[in-house]
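>>> Need coordinates for the below:
(2 chains)
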Number of protein chains: 2
Amino acid sequence: MGSSGDDGYRLLNEYTNGFMVSQVLFAACELGVFDLLAEAPGPLDVAAVAAGVEASSHGTELLLDTCVSLKLLKVETRAGKAFYQNTELSSAYLTRVSPTSQCNLLKYMGRTSYGCWGHLADAVREGKNQYLQTFGVPAEDLFTAIYRSEGERLQFMQALQEVWSVNGRSVLTAFDLSGFPLMCDLGGSFATLARLVSKTRHGGRTQVPDTLCPLPGGPGALAKECLSLYPGCKVTVFDVPEVVRTAKQHFSFPEEEDIHLQEGVLVSVREAETCLMVSPSTGFCVCDVDCAPRFLGGGILVIESLLDEDRRGPLLTQLYSLNMLVQTEGQERTPTHYHMLLSSAGFRDFQFKKTGAIYDAILVRK
Amino acid sequence: MGSSGDDGYRLLNEYTNGFMVSQVLFAACELGVFDLLAEAPGPLDVAAVAAGVEASSHGTELLLDTCVSLKLLKVETRAGKAFYQNTELSSAYLTRVSPTSQCNLLKYMGRTSYGCWGHLADAVREGKNQYLQTFGVPAEDLFTAIYRSEGERLQFMQALQEVWSVNGRSVLTAFDLSGFPLMCDLGGSFATLARLVSKTRHGGRTQVPDTLCPLPGGPGALAKECLSLYPGCKVTVFDVPEVVRTAKQHFSFPEEEDIHLQEGVLVSVREAETCLMVSPSTGFCVCDVDCAPRFLGGGILVIESLLDEDRRGPLLTQLYSLNMLVQTEGQERTPTHYHMLLSSAGFRDFQFKKTGAIYDAILVRK
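Have a look, this model is predicted:
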């Protein structure tokens, strides 16, 4: 250790420069490099890309060549001149026209998440998110901060759509859900509900209505995936009125008879003994929010990134847990932790499945 | 492509989350986690670390466990409780007491570089650095921006010391320099000089004095490494008065008879036919600044990260070139590009050596 050639120093440099790699990806997306190349009749040279994205020639060349090293672009040289085109990876994930595009997610990460993470040390010190420090927006009501403008709300909703366009299938096929003809997509509901309950517990003034669950969060991305996987099922998506309105305005729901967007609140789940509640990746468990007694039957599919039992990995799950600290609330948990929480709330038949991808699935029944 | 399990999607996520990994490292340094563990008599549990660095217990636990996954910490469990200690890597590079500590560099990267890189897309658009956008500091005179306060100047100088404490040896032993009894460390001089020359060329009002070279930049870090490798040589370090004063105040120069810190300007190199000019990693070549005619003899050791001949790698060098775009000026070059520039300026005996580490070395003579 202590010399420029050792493996430890190499690893340290890789970590140190990680943010540069992220920003190369984010900047190329933001500038529209991959869209320009997707729409072009053939590979383009530096001058054409620079003109197309309205950027400096020097900066564009550096960016393009770095994208080649990262396998985000391919290059071929004709008569001494370099011509660039998308790779399979960038075509699939970095062009707006692709059904698995991640462009909005990456723009959101490059601005909002990147900014908040610049205050990680403060988040660890204070044990709370850094919305106020990063954007001057009080984060008392989390979703008010996240949805702080129409543009931010739309981008966040589009980002969620993109996450589930790629990850929906693996979590919704982790178990056979064909026995649940009715599904409710609860979106980010538990995060908000947990805030309310937590405030009440700690003497705050907010009251959680006895029979109502305010359920903001999911704009119906998982619902569409459900329908394609389990034809004949019906899905209700609960969300706050602004989100439902934005979803109806900007997103298409071709099988709209089978997807019902419900503004505001889930009144009761009493009638739905065969209903499956889908709780996607919020860092909150249904038990965090004293919501369990309301479930009289049916099941809950919890979609989260599961920590290893010793809590020492996977790295991605740990980073997501820190992301919740920096940007939202909640945390990732181990399967045993979920089992304990869900069992003590009266749920049975605990099953979990690691999908091998980012998100895993837990199924319980009441 | 297009599914959560494919390699392309995994790679994309690795790039996307790179900034989180960087910030885990930066935040743990800033909080003083590694220093606390280095000073403790034995491994510490979460509560002790949280108390020691004055941070929340939840945030500290997440941070420590993520550091374990990154091999920055080791953990052992006793009676069901986790106890953390430094690894060889963190002991060598992340504790202030280590002679190869990189703490100041990482703090600088975590604040200044991370902030500027948040504007990469704009830097590529405009083809210029993002000091003004990031810190509200006009970057017309680059080193005025970098040295914008006493604290910033000291941190930047300490960061440079740390870079060369690890990287100095490999570049200074790439060639046998024992034939040069006199050495001049030019530090970041060419960056500033290039600005002046460029302004003059483009009709600006600043004049470069005929016989004077203003040479700010290096605080003597390489000089010390030179002395330990080539006993008996004498080194003069040129820098702006504030930098020299700060260096004398904060850095120790045990063999000070052999290191001479010279305020301000290199008056003439006429007398030094056996003098070696050391130009460390500024992204500028001596030929960029019309400085070549002043060299009557001796040699120049250019220390830079060399691009592959096809300019498609190494990735780290490309990122450094983008870093110059975002934070400073200049660019990394291929060996052939340097050969051409230096030959046309009358330098001969071009030799370059890839060290296998971050920085490579070029030696020419006049």
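
>>> which residue does the stretch 101-250 of chain A bring closest to chain B?
In the stretch 101-250 of chain A, the residue that lies nearest chain B is residue A:127 (2.8 Å; Cβ to the nearest Cβ). For glycine as for every other residue, the C-beta is placed from the backbone atoms N, C-alpha and C.

>>> Neighbours of that residue, how many?
Close neighbours of residue A:127, defined as other Cβ atoms under 10 Å in any protein chain shown, add up to 15.

>>> and what of residue A:76?
For residue A:76, the tally of surrounding residues (other Cβ under 10 Å) stands at 10.

>>> before we move on, what about residue A:38?
Taking other Cβ under 10 Å as the criterion, the count of residues near residue A:38 is 17.

>>> Isn't it up against residue A:86?
Yes: under the criterion of Cβ atoms under 8 Å, residue A:38 makes contact with residue A:86 at 6.0 Å.

>>> that older thread, what sits closest to the residue of the stretch 101-250 of chain A closest to chain B if chain neighbours are left out?
Nearest residue to residue A:127, sequence neighbours excluded (Cβ to Cβ, 6 or more residues apart in numbering or on different chains): residue B:56, at 2.8 Å.

>>> how much space is there between that neighbour and residue A:125?
For residue B:56, the distance to residue A:125 equals 7 Å [Cβ to Cβ, to the nearest Å].

>>> same question, residue A:156
Residue A:156 sits 27 Å away from residue A:125, going by Cβ to Cβ.

>>> swap in residue A:11?
Residue A:11 is 26 Å from residue A:125, where distance means Cβ to Cβ.

>>> Would you mind telling me which of the two has more residues around it?
It is residue A:125, of residue A:11 and residue A:125, that has more neighbours when counted by other Cβ under 10 Å, with 19 against 15.

>>> so what's that one up against?
By Cβ atoms under 8 Å, 6 or more residues apart in numbering or on different chains, the residues touching residue A:125 are B:31, B:53, B:54, B:55, B:56, B:59.

>>> about what we covered before: so who does the residue nearest to residue A:127 touch?
The contact partners of residue B:56, by Cβ under 8 Å, 6+ apart, come to A:124, A:125, A:126, A:127, A:128, B:50.

>>> if we go to 10 Å?
For residue B:56, the contact set (Cβ atoms under 10 Å, 6 or more residues apart in numbering or on different chains) comprises A:123, A:124, A:125, A:126, A:127, A:128, A:325, B:50, B:62, B:63.

>>> Of these, grab the buried ones for PyMOL.
Selection command for PyMOL covering only the buried members of the contacts of residue B:56, criterion 16 or more other Cβ atoms under 10 Å in any protein chain shown:
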select buried, (chain A and resi 123+124+125+128+325) or (chain B and resi 50+62+63)
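
>>> okay, who's weakest in the contacts of residue B:56 by pLDDT?
The member of the contacts of residue B:56 with the lowest pLDDT is residue A:128, at 87.

>>> how about the helices of the stretch 251-366 of chain A, start to end?
Here the stretch 251-366 of chain A has its helices, by DSSP state H, counting those that start in this stretch, at A:315-327, A:335-344.

>>> scratch that, the stretch 101-250 of chain A is what I was asking about
For the stretch 101-250 of chain A, the helices defined by DSSP H, counting those that start in this stretch occupy A:103-108, A:114-117, A:120-126, A:131-135, A:142-146, A:150-172, A:189-201, A:221-229, A:241-250.

>>> what residues does the fourth one touch?
Going back to what we said before, that points to helix A:131-135. Applying Cβ under 10 Å, 6+ apart, the contact partners of helix A:131-135 are A:111-119, A:122-123, A:126, A:137-140, A:142, A:144-146, A:148, A:152, A:326-328.

>>> Can you say which of those are buried?
Neighbour counting by 16+ other Cβ under 10 Å classes A:111-119, A:122-123, A:139, A:142, A:145-146, A:148, A:152, A:326-328 among the contacts of helix A:131-135 as buried.

>>> returning to that earlier point: for residue A:18, find the nearest of the helices of the stretch 101-250 of chain A.
Closest to residue A:18 of the helices of the stretch 101-250 of chain A, according to Cβ to Cβ: helix A:114-117, at 11.0 Å.

>>> Could you pick out the residues of the stretch 151-300 of chain A near chain B for me?
Residues of the stretch 151-300 of chain A lying near chain B by Cβ under 10 Å from any Cβ of the partner chain: A:163, A:164, A:165, A:166, A:167, A:168, A:169, A:170, A:171.

>>> do you know how far residue A:69 is from residue B:319?
Taken as Cβ to Cβ, the span from residue A:69 to residue B:319 is 9 Å.

>>> Pull up the overlap in contacts between the two.
Counting by Cβ under 10 Å, 6+ apart, the contacts common to residue A:69 and residue B:319 are A:21, A:24.

>>> related to what we said a few turns ago, if I look at residue A:38 and residue A:86, which residues touch both of them?
Joint contacts of residue A:38 and residue A:86 (Cβ under 10 Å, 6+ apart) are A:94, A:95, A:98.

>>> so what's the last one up against?
With contact set as Cβ under 10 Å, 6+ apart, residue A:98 has these partners: A:34, A:38, A:86, A:90, A:91, A:92, A:162, A:165, B:1, B:2.

>>> ok, now the first one?
Residue A:94 makes contacts with A:25, A:28-29, A:33-35, A:37-38, A:67, A:72-73, A:86-87, A:100-103, A:106, B:12, as judged by Cβ under 10 Å, 6+ apart.

>>> And stretch A:151-169, what's buried?
A:152-169.

>>> the bottom helix or strand of chain A by mean pLDDT?
Ranked by mean pLDDT, DSSP states H and E, the helix or strand of chain A with the weakest confidence is strand A:213-214, at a mean of 31.

>>> Give me the distance between the two termini of stretch A:327-338.
Its start and end residues considered, stretch A:327-338 measures 22 Å (Cα to Cα, to the nearest Å).

>>> Next one: that stretch, is it in contact with chain B?
Yes: using Cβ under 10 Å from any Cβ, stretch A:327-338 reaches chain B at A:331, A:332.

>>> do stretch A:71-78 as well
Yes: Stretch A:71-78 comes into contact with chain B (Cβ under 10 Å from any Cβ), by way of A:71, A:72, A:75, A:77.

>>> tell me the contacts of the residue lying closest to the second one once chain neighbours are set aside?
Meaning residue A:72. Take residue A:72 and drop its neighbours on the chain: the residue closest to it by Cβ to Cβ, 6+ apart is residue A:90, 4.9 Å away. With contact taken as Cβ under 10 Å, 6+ apart, residue A:90 is in contact with A:25, A:28-29, A:33-35, A:37-38, A:67, A:70-74, A:98, B:1, B:8, B:12.

>>> Mind checking which of these land in strands?
Secondary structure defined by DSSP state E assigns A:73, A:74 of these to strands.

>>> Low-confidence ranges, the stretch 151-300 of chain A, go.
Scanning the stretch 151-300 of chain A for pLDDT under 70 picks out A:186-219, A:240, A:253-257, A:262-297.

>>> ok, how many other residues are close to residue A:55?
Neighbourhood size, residue A:55 [other Cβ under 10 Å]: 24.

>>> how about it, secondary structure?
What DSSP: H, G, I helix; E, B strand; the rest coil gives for residue A:55 is coil.

>>> what's it sitting at in phi/psi?
Note on residue A:55: backbone dihedrals following degrees, to the nearest 10 are phi -130, psi 170.

>>> My guess is the residue of the stretch 101-250 of chain A closest to chain B contacts residue B:63. True?
No: at 11.0 Å, residue A:127 does not count as touching residue B:63 under the criterion of Cβ atoms under 10 Å.

>>> which neighbours do those two share?
A:325, B:50, B:55, B:56.

>>> Tabulate the residues you listed (TSV), appending distance to residue B:242.
Shown next, in TSV, are these (distance: Cβ to Cβ, whole Å):
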residue	distance to residue B:242
A:325	40
B:50	39
B:55	35
B:56	39
